[in-house]
Every structure is written in structure tokens, then in C-alpha cells.
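**Student:** Mind looking at a prediction? Sequence and model below.
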Amino acid sequence: MSFTLSINGVARQVDLPDDVPLLWALRDGLGLTGTKFGCGVAACGACTVLIDGQAVRSCQVPLSDAVGEITTIEGLGQPGALAPLQAAWVKHQVAQCGYCQSGQIMQAAALLAQVPEPTDQDIDDAMQGNLCRCGTYPRIRAAILDAAQIMKAG
Amino acid sequence: MASWKTITRRSFLVLGAAFVGGAAFGAYKVAEVPANPLVPGPDGMPLNPWVIINADGITVIAPRAEMGQGISTTLAALVAEELDVDWDQVRVLHGPPAQAYYNAGFVERMSNEPDYRLSQQPRSHNAILAAVPKIFSMQMTGGSTGAIGGFVQMRLAGAGAREALKAAAAKRLGVAPDTLRTEGGKVIGAQTFTYAELAAEAADLVPDDVPLRDPSTWRYVGKSMPRLDMVAKSTGTETFGIDIVLPGMKFATVRMNPRRGGAMTSFDPAAALALPGVEQVVGLGNGIAVIASNTWTALQAAQQVDVQWGEADYPADSAAMLSRIEAAFTTDPDSRLRDDGDVEAELAKGDVIEAEYRIPFLAHASMEPLNATAWVKADGSVEVWCGNQAPIMTRDAIASALRIGSDKVTLHTPVMGGGFGGRTDPVPAVLAARVAAAMPDTPVKLTYSREEDMGQDFYRPAAIARLSGRIESGKATALWGRTAAPSATRSALARLIGFAPPGPDRATVEGGFDQPYGLPHYRYDGHSADLAVPLGFWRSVGNSMNAFFLESFIDELAHAAKADPLAFRLELMQDTHAPSAMLLETVREMSGWESLNRPGFGRGVAFCYSFGTPVAQVMEVQETSAGIKLTRAWIACDPGLAMDPSIVEAQMIGAMVYGLSAAVQEEITFADQAVVQQNFPDHDALRMHTTPRFEVRVLQNNGSFGHIGGVGEPGTPPAAPALANALFDLTGTRARELPLNRTFDFAT
């Protein structure tokens, strides 16, 4: 079946069965591999993307339900034009293996859009669905807090 | 200033001839063994096996697997230090399988002496031992050896390339090379030349004399460098193995016998083949693969194949396995790597304290599930992309599975989304190649489901330990530890190289026999359990087992002696290994140890010397209405020379989180011969809200200058006992089994 998805501001065609989750349409259908597969059961957050600004686990959204403006890590910023959140990730040298970081960053982007100056408790609440086996949590927290300050200063 | 000649002489004396032959000649005498695997091409001119120069910049071949530990950045910094290039000119690649990329650092892991004693002695004089990594082409990542192996090798590579470039410029200018200087990727004299301009001429100029920089002038080594992979990993543009995209690629998954090692009796693919998007079901002897138009369809279809599984060659469940491990205590010890004083006579005096501890199997559970992509070409050759820790072995395993020569296999090693020891076996690469062979001329990406990744892992052994000790006048006089476990080393080597070398198995007892405790009577035995569960190397290997046993038991001794557990350890250590004792003093000061002693909170301390690096940790826990919370942790480590302090800090925290995650809640159990745990909901780890706050201090006193301890693993072993000791302090309950959530309620 052919679907038209709005991804990072661009209409994209993908031809896959309608029960294929958005995650696999992005990765296998469209070659947008920044969004990661970790568990397939919404338990790790590696596949997090934004749909209309809300953080969702793309492994749980069948193509037939993927309606709205989809933002993936590729749409947040690029190596030559980092979003403030990504710049904070680089400044704090957050990533180790880096595999979960696309999902962490997209989850943090949703948090900062809703809570521009998050407390530690806000960060705990928003980020606890995103697993990191390398244990980068302390630097993730520092980067989110720093990005909030930078974004506030505009 | 160090020079090639002095390095040769000193290295000859200290390290042995074979080591120098490999590192030095391999660095810039490219015609000598090992041969340079890189070939000149439109992409750039290789100056030696480690440095390629082209118009865009400098590419360093960092031939250790990047699993997140930052080794590619550290190895590149060593080259850049000598090569005189700006950091933003540097790129890094893993490189092909080749003998030139053997890991000299494994020498450090080939002794049965306690590490802390080695750090106090001149380096090994054993030239035969030193040659082992080269002779056996050990292009392997593991044992926290990457920086150690690269410390001389990579600087010589940079210096050799620099001198070749200077020689090329000198030839052009008709002057002596030593009248020229280098800076920012240029050779500067009467005229200035970029390295790119000189590269083609430099490739033929092999210098005789290569001076190495004095460490006091280092700009990159020993500094916190921006990691070369950080921007890519913050923008979703890093290409992990699972991200390989090739033209016309198909997507596959596997479903292997959950009774590990058992055969497949039969399979019926009809239901799977009926699903839209499924192209093929491939029988693999002990499992099946499905090839489809996308990974998700393949994952669904694999569950639709009707399979009959044969049995494994091990007991049905965890209880029966533990009985098998327990039975090993009745056999003669496999090892007795420590036997100071006369333990039996001392314990016969009475007042003996005894305890038994039990720990489960553990999975690696890297974030990136196991995967590999293979493309069998029309001419019978195969190209494979697979994150792996042992490229030569992986290449040869693929060749053997497809019955082709190793020269027909092109293996790429992309960066890995975690490894923790779990990407040593070539199984995913071999399976991908076999599956791709069923669809020639078509690239096939094979991705494991999380469930398959967890059920087909090579596990950290389950183990039982029995410890006895004696206290007299408030002091420990004797300790006898006995660990019974199936051997991870023998299990892995039997799979990987076809035989298990004879001799004592260090991994069963490391972290127990080799600690710098100056007990007058100190014995540690390993007992080898006969249990055919497939095992592997899990971050810190045996240290993760024995540090829990020994450090829990030392705490029990301290309690029996009515002593402060930190002071108790300090007294046992201070005359044995001063840098280790200093770490205990450091965490005492950092944590405000005395002030942690207050109602509602518990404090615990633990120590382990592993992979050349002693680490002390203090853990604080708090009783809350929601359960016990891990509040704060303090880590002091001493790797000797800290190659990149920011990376060391990140590894220390990450390794402790990894150890705490396992200690709190992780276990792999078996029922009906299959692994019970399937996915993160039943094999979870610490998360943002359950991770404590950390403070890390990196000391650099250990060993003589140039001692480099590992940093990827040593933070893991003390984590479990530090937490268990804190929980005892909080509750008065001593947990003698892991995971700790069997005994305590944690806030979740």
C-alpha cells in the first residue's frame, strides 16, 4: 500500500503494508536511519520521533495511523547546523555508543517545547522511558539544563 | 627527546624484541611485516597502515572497535599528537581485517600475576609472550586494552608519517629534513607545503630515525578532546551496522533454537510465506531466517514458521544449573592463583566467619540489537558489514561458512551501538552471509529482534562462592575464597578458536585472588563447573563476579570486627599498594564518609583492581516511602596515565551504572532449557530517575610513567558490592544473592 507521510516538512511516499510501524517505514522504506530500533515494544525509547510536537514511540504507530507532521532527528538539525539541544549534547560530550541518543534528544526536545525551564523532577518524569545502556544519564541531564538556559537567552 | 633509536633500545630491554618489531616496523617501514593493508587510490594516499592523507584532511585508521568507549578518539589523538595536525582535520576509520592491526595491549592480560604487582615491576621481559598478539593476529578489542596497545604504536605511526612528509619537502627544497618544521598539517621551511601536496612523494620515503615528542609538550594526549563521533551521534548521522543502506537491499531476521546448541528437527514455512512482503524462508540447521521487503514483516513472519526444536546439552532450568555449579566444589580446584601464608592452619584456630554468595547469568543487552548485512556477489565473493570486536576471526568464520577463501571476504566494521563484550562472536556475520547466499547478488540486512538478541546471547556465568575468614583482635588474619562457575573463557575459546587452552582459568577467580589486601593468610581457589550454557565476556568478565563476593565478605569481616568498613580496607591495603589505598582515602574525603552515617540513609564502600586500574566507590542509598533509592555515588580511579580525562570520567560512570543496573534487577534464568527473559520489560536497567548522582576523581599515581590502565571495564566490578554494602548499612540485611531486588524493594 502507498502512504504519503509528512516528514521534516517534506511529503514522502512509502509503499509498505499498512500495519508496518512508522519506525520501519522510516528506516527500511525511506532510509531515514537516525531513528533507531531498540526493543519493538515501547520499552526503550530509541525510536522516539515527534508527531505534531508530541514525543511518540514510532515502533508502536502503524503506518495507517501516522497522520500529522512527523519530525525525526534528521529534521531537528544537521551536523553543519545544530539545533541548540544538539549543540548542548556536543558541548557536554553526552554520547558514548550513541545508539539511544536520537531518541533521547527527540524526547528532550518535546520536554523543552512544553516545559522551557525543566526541574530535575521534570527531567526524571519526561526521560524515564528512554533507556541508555552506556549510562550517559548525568550528561543528558546536564545538557538538557544547559540547552534550556541557552534557548531561554535566545 | 625520545627518538626511534632510544625507543628501540629501551623497548628492546623492557618489552622484548618481538613487540618492537611489530610496532615500530609496522608503523612506517611499510614494506616490512606486517604488510600495509591499505592501497593508494582516488580516496587518498596511505603513508602507513594508520595514516591516510588526502586533500580533505587526515584519516587515522583506529583499528579497535568503537562501542562507545571513545577508543577511536583516543587513538586518533595519539597519531595527531605526533603528526602535527589540527584536531578538526582529523577523521577516523576502523580499517580492514589485517595482521598489522594486532592489539599489542593483550600482552597485559596474559599473566596470572595480580595486576597490582605487575604495576610495581618493570614491564614484562617475556618476548615470547609479547609476540603472541602479533603471531596470532589478535586484531581484537577487549580487556580494556585499546589505549594500552595503541600508546606507542599510534604515536610512532604519526611520527613516522610526519618525518616522511618532512623528507619529501626536504627533497623538493634541497635541504636537510631537520631544517624544516611541521604545524597544522603543513611542512614549513623556505616554502610551505600542505601534507596533501606531499603525500604521494612521502609514501616512498621511509625514515630511519623517528623522534617521539616529550610528554611535557603534549597538546592532545592526556587532554579532554572533543570526541570525533560526537556530532554524528547527536544528529542521527552516525552509521551503525544496523543503518547500512544498499541498493535493492532486502531485510531479514533469524529465529534460532532457544535450547542453545540444539538442532532443529523440522520446520514448516507455509504460514510465513503467505504473509505479504515475505520473499523466502531459509533453513539454517539450528534455526530459520525470513527474508522480506522490510524488517518488521520479517520479524512477524519468523514467528509464523512452525518449528520443532531439538534439545540442548544442559539441565532444564536454573535450579538444576545451580546444583551443577554447586557440585563443582567437590572437585579439585581448577586454580589456586593465590596462596599466601597458611590459610588452613590459621582458620583451624577457630572463630571462623563463613558466607555463601550466588549470582545469576547476565545478558549484555546492548541498545543496538545484533545485526549484520551481507552481499554475495556474482563472482562468489561476499561483502559483509558487521559491528564486531575481532575482524580477522570474523572474516575467517564467514569464509569458512561459505566455503570460500578469506581473500573473497570483504568485512567492514561499523561503529557499534554498545558491545560490553557481546560482539566478540562472529555469529551474526556468519548468519547474514549464509542468508545472503540464499539470495545471490542481493544485499540482505539481517536484524535480530530484541527477544532473539537476549535469548541468543553468550552470557556472563552464574556462580557460587564460599568464603571463610578469621578475625583476631579486630583484624582480619585469614581469607579463603572459593568460586565455582562454568568457565566463560573456555566456553568462548572452544567456539571461537576450536579448543580451550589448558591451564588455570583466571577469569573464574579474577577480582578475588588478585586484590591488594595484605592479609597474612590469603588463598583463592577456582572450581570449574561442568555446564554447557554458552558463555562469553561480559564487561569486566570475572571481576564482576568476584568483586561482589570478596567485597561483600570483606564488609562482613569488618562488621564482625566492629570496624568501619572503609578504615578496615585501608588498613589491609596501605602497606600493600599505596595508590590503591589513596583511592580509599579519596572516596572517604569526596563522599564525606562520616557525614553519610545518618538515619534513613545507608552507605557502602567497595574496591576492585582490574585491567590495570584500581577503583574505589562509595554508594549512598535512602529509604523513601516509594522504596529504596540510589541517591549518590563517588568514584575514585587511578589508571596511571589518563589518556583523555573526560572519556575516563564517562567510562567510570557508565561502567558503574552498568554494574548497578545488573545488581539491582538483571538476571538471565532458564526454563525448559530456554532463556526466560525476553525484552527490557523483564530485563530492565537503571534509568534517568533511578540513577544516582555521581562525582568522579581521576588520580594518576599508579605505576611508573607510561603505565596505562584500562578504563572501559574497571568501574563495573565494585558497583554491586558497594550497593549491597550500603543496603546492609541501611537495613541490617546482608544480601548474599543477586539481583538485589530479590531481597529489597527499590523505588521504581
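**Tutor:** Yep, it's here.
**Student:** I'd like to know the predicted local confidence at residue 53, please.
**Tutor:** All of this is about chain A. Here the pLDDT value assigned to residue A:53 is 97.
**Student:** my bad, chain B
**Tutor:** The model reports residue B:53 with a pLDDT of 87.
**Student:** Leaving out chain neighbours, which residue sits closest to the residue nearest the centre of chain B?
**Tutor:** Taking Cα atoms, centre = their mean, the centroid of chain B lies closest to residue B:142, which sits 4.0 Å from it. In space, residue B:142 comes closest to residue B:389 once its chain neighbours are excluded; the distance is 5.7 Å by Cβ to Cβ, 6 or more residues apart in numbering or on different chains. All C-beta spots, glycine's among them, are computed from the backbone N, C-alpha and C.
**Student:** so who does the one you found touch?
**Tutor:** B:65, B:67, B:140, B:141, B:142, B:419, B:421, B:423, B:424 (Cβ atoms under 8 Å, 6 or more residues apart in numbering or on different chains).
**Student:** Assumed the first one was part of a helix.
**Tutor:** No. Following the definition DSSP: H, G, I helix; E, B strand; the rest coil, residue B:65 is coil and is not counted among the residues of a helix.
**Student:** now it, nearest residue through space, not along the chain?
**Tutor:** Distance criterion Cβ to Cβ, 6+ apart; nearest residue to residue B:65, sequence neighbours excluded, is residue B:141 at 3.9 Å.
**Student:** same check, this time on the second one
**Tutor:** Leaving aside its sequence neighbours, residue B:67 sits nearest to residue B:419 (Cβ to Cβ, 6+ apart; 3.4 Å).
**Student:** That neighbour and residue B:64 touch, don't they?
**Tutor:** No. If you go by Cβ atoms under 8 Å, residue B:419 and residue B:64 don't touch, sitting 11.0 Å apart.
**Student:** Backbone dihedrals for residue B:736, please?
**Tutor:** With angles defined as degrees, to the nearest 10, residue B:736 sits at phi -110, psi 10.
**Student:** rewinding a little: quick check: neighbours shared by residue B:419 and residue B:64?
**Tutor:** Joint contacts of residue B:419 and residue B:64 (Cβ under 8 Å, 6+ apart) are residue B:141.
**Student:** Can you add secondary structure and pLDDT and give the contacts of residue B:389 back as JSON lines?
**Tutor:** Below are the contacts of residue B:389 laid out as JSON lines (DSSP: H, G, I helix; E, B strand; the rest coil; pLDDT from 0 to 100):
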{"residue": "B:65", "secondary structure": "coil", "pLDDT": "88"}
{"residue": "B:67", "secondary structure": "coil", "pLDDT": "94"}
{"residue": "B:140", "secondary structure": "coil", "pLDDT": "82"}
{"residue": "B:141", "secondary structure": "coil", "pLDDT": "82"}
{"residue": "B:142", "secondary structure": "coil", "pLDDT": "81"}
{"residue": "B:419", "secondary structure": "coil", "pLDDT": "96"}
{"residue": "B:421", "secondary structure": "coil", "pLDDT": "94"}
{"residue": "B:423", "secondary structure": "coil", "pLDDT": "95"}
{"residue": "B:424", "secondary structure": "coil", "pLDDT": "92"}
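**Student:** right, and out of these, which lies closest to chain A?
**Tutor:** Distance to chain A across those (Cβ to the nearest Cβ) is lowest for residue B:67, with 5.9 Å.
**Student:** Count the neighbours of that closest one for me.
**Tutor:** A total of 29 residues lie near residue B:67 under the criterion other Cβ atoms under 10 Å in any protein chain shown.
**Student:** Please go through the chain and pick out the longest helix.
**Tutor:** Reading this off chain A. In chain A, assigned by DSSP state H, the helix with the most residues is helix A:137-153.
**Student:** that's the other chain; I wanted chain B
**Tutor:** helix B:146-173.
**Student:** Please work out the average pLDDT along that helix.
**Tutor:** Taken as a whole, helix B:146-173 has an average pLDDT of 91.
**Student:** What residues of whatever helix or strand comes next after it count as buried?
**Tutor:** With elements assigned by DSSP states H and E, the helix or strand that comes after helix B:146-173 is strand B:181-183. Neighbour counts over strand B:181-183 (16 or more other Cβ atoms under 10 Å in any protein chain shown) mark residue B:182 as buried.
**Student:** I'd like to know which elements strand B:181-183 is packed against.
**Tutor:** Secondary-structure packing of strand B:181-183 (3 or more Cβ pairs under 8 Å, 6 or more residues apart in numbering or on different chains; DSSP states H and E): helix B:146-173, strand B:186-188.
**Student:** Can you get me a residue count around residue B:400?
**Tutor:** Using other Cβ under 10 Å, residue B:400 has 14 neighbouring residues.
**Student:** Can you tell me the element it falls in?
**Tutor:** helix B:391-402.
**Student:** Assign residue A:13 to helix, strand or coil.
**Tutor:** Under three-state DSSP, residue A:13 falls in the strand class.
**Student:** That one pairs with what?
**Tutor:** residue A:4 (DSSP bridges).
**Student:** surely it meets residue A:6?
**Tutor:** No. Counting by Cβ under 8 Å, residue A:13 stays clear of residue A:6, with 11.3 Å between them.
**Student:** could you pull out the helices for chain A?
**Tutor:** A:22-24, A:73-76, A:84-91, A:101-114, A:120-127, A:137-153.
**Student:** So which of these is the most surrounded?
**Tutor:** Neighbour counts (mean count of other Cβ atoms under 10 Å in any protein chain shown) averaged over each of the helices of chain A peak at helix A:22-24, with a mean of 27.
**Student:** ok now that one, how far from the chain's centre?
**Tutor:** 13 Å (Cα atoms, centre = their mean, to the nearest Å).
**Student:** Pull the residues that contact that helix.
**Tutor:** Contacts for helix A:22-24 (Cβ under 8 Å, 6+ apart): A:5, A:16, A:35, A:37, A:47, A:49, A:58-59, A:61-63, A:66, A:70, B:294-296.
**Student:** which of those residues has the most neighbours?
**Tutor:** residue A:49 (31 neighbours).
**Student:** distance of that residue from residue B:707?
**Tutor:** The gap separating residue A:49 from residue B:707 is 47 Å, by Cβ to Cβ, to the nearest Å.
**Student:** which residue sits closest to the residue positioned nearest the centre of chain A, ignoring its sequence neighbours?
**Tutor:** The centroid of chain A falls nearest to residue A:106 when counting by Cα atoms, centre = their mean (2.6 Å). In this structure, residue A:106 finds its nearest non-sequential neighbour in residue A:48, 4.4 Å apart by Cβ to Cβ, 6+ apart.
**Student:** Can you name the residues bridging to the one you found?
**Tutor:** Those that pair with residue A:48 in a beta bridge, by DSSP bridges, are residue A:57.
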